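Next comes the sequence, and after it the predicted model I'd like to discuss.
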Amino acid sequence: MPTANDGGDRSNCTVYSSDAGSVESSLYFHSRRTVLEMLRDRGYDVPDSELTRSLPEFRSIFGEKPNHESLTIRVSLLSDPSNKVLVHFMGTSDIIRKSTIHALYNEIAEKGRLNRLILIVQSKMTVYARKDLDASPFKVEILNMNDLLVNITKHVLQPKYQFLTADEKQALLAKHSLEEKQLPHMQKTDAIARYYGLEKGQVLKITHNGELVDSLVSYRCVV
C-alpha cells in the first residue's frame, strides 16, 4: 500500500486507505508525476524539483481538489530549446467537445509557438473535437489519465529503453547490412512507443539485464 510520500504501486485506484487526503489529489499527483518522468525520458528539460515533489507538497501547492488548468506543464527539449511541448489536463467534464478544443487553441495562441501538445483526458471526446485535433499545426497526443497512474518503464522487470537518433539508426543498419524493413517491429500503438512518443520509422534499443543474462540487446522499429 503506497504511503503519502512514495511512488509504490500506483495501479490501485481505490487508493490509499492509509492516506488522509483526497483520492482526487492522489490521482492527479501520480499521473502528473508519470508525465513529468515521461518528458524527462524524452529529453525535455524537466526540473528535479518537479520529479522529487512529495504528495503532501503537491497538495500544499495544488490543493485537495486541484484545478486541472493549474496542472499544465510547458517545457522545452534540452537539445533544442525552441522545441516546446505543452501538457494540458482536460479535467472531468462529461464529454470533450469541439468548443473545448477551440478555447484551448486560443489559450495556446496567447502563449507563443508550440511543437507538441499532450492532452491528458478522463472523458470521451466527440468526433468533431478529434477532427480539430487532427488538423492541428502541431503534433497532438491524447493520453488517458488512468494509464498514467503507474510508469510502465519503472517496473523492476522492464528492460532499459533508448531511442536512436537518425544517425545512430543508419549506423546500426550499415553495421549489420540491413534494410529498415528487416528490423523487428513495434506497433506505434504499443504502450512503450506511446510513452516515448515514437513515430513510424524510429528505432528503439532494448537492453535486458538480469540473473539469467548479463546483457542482451535487441532493436525494434516502430511501424
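Alright, I've got the coordinates. Numbering: from 1, shown residues only.

quick one, phi/psi of the nearest residue to Glu168 once chain neighbours are set aside?
Nearest-residue entry for Glu168: Val203, 7.8 Å, with adjacent residues in sequence omitted and distances by Cβ to Cβ, 6 or more residues apart in numbering. For the C-beta atoms, the positions are set from N, CA and C on the backbone; glycine is no exception. As for Val203, its main-chain torsions (degrees, to the nearest 10) stand at phi -120, psi 130.

need the contact list for Val203.
Val203 is in contact with 163-164, 168-169, 172, 183, 219-222, counting by Cβ atoms under 8 Å, 6 or more residues apart in numbering.

Residues in a beta bridge with it, which ones?
Bridge pairing for Val203 (DSSP bridges) gives the partners Cys221.

Could you look up the SS state of the residue of the chain most remote from its centre?
Residue farthest from the centre of the chain, counting by Cα atoms, centre = their mean, is Ser177 at 33.8 Å. With DSSP: H, G, I helix; E, B strand; the rest coil as the basis, Ser177 sits in coil.

Quick check: Ile73 touching Leu36?
Yes. Counting by Cβ atoms under 8 Å, Ile73 does reach Leu36; the two are 6.8 Å apart.

Could you pull out the strands in this structure for me?
Under the criterion DSSP state E, the chain carries strands at the ranges 73-76, 84-89, 95-96, 116-121, 124-125, 139-144, 160-163, 185-186, 203-208, 216-222.

what about the lengthiest helix in the chain, distance to the chain center?
Secondary structure of the chain per DSSP state H: the longest helix is helix 23-41. Distance, stretch centre to chain centre, for helix 23-41: 9 Å (Cα atoms, centre = their mean, to the nearest Å).

going forward, begin numbering at 36 instead of 1
Yes, from this point I'll number from 36; that puts the last item at helix 58-76.

quick one: buried residues of it?
60-76 (16 or more other Cβ atoms under 10 Å).

give me the number of residues near Ile96?
11 (other Cβ atoms under 10 Å).

Spit out the contact partners of it.
Arg88.

Model confidence score at it, please.
You'll see Ile96 listed with a pLDDT of 97.

how near is Lys146 to Tyr254?
Note on Lys146: its distance to Tyr254, by Cβ to Cβ, to the nearest Å, is 38 Å.

between the two, which one's more packed in?
Using other Cβ under 10 Å as the criterion, Lys146 and Tyr254 rank with Tyr254 on top: 18 against 11.

residue contacts, the nearest residue to Ser128 once chain neighbours are set aside?
Spatial nearest neighbour of Ser128, chain neighbours left out: Ser158 (5.5 Å); criterion: Cβ to Cβ, 6+ apart. Ser158 is in contact with 125-131, counting by Cβ under 8 Å, 6+ apart.

swap in Arg109?
119-122, 146.

Distance check, the nearest residue to Val258 once chain neighbours are set aside against Arg68.
Spatially, and ignoring its direct neighbours in sequence, Val258 is nearest to His220 (4.8 Å; Cβ to Cβ, 6+ apart). His220 sits 31 Å away from Arg68, taking Cβ to Cβ as the criterion.
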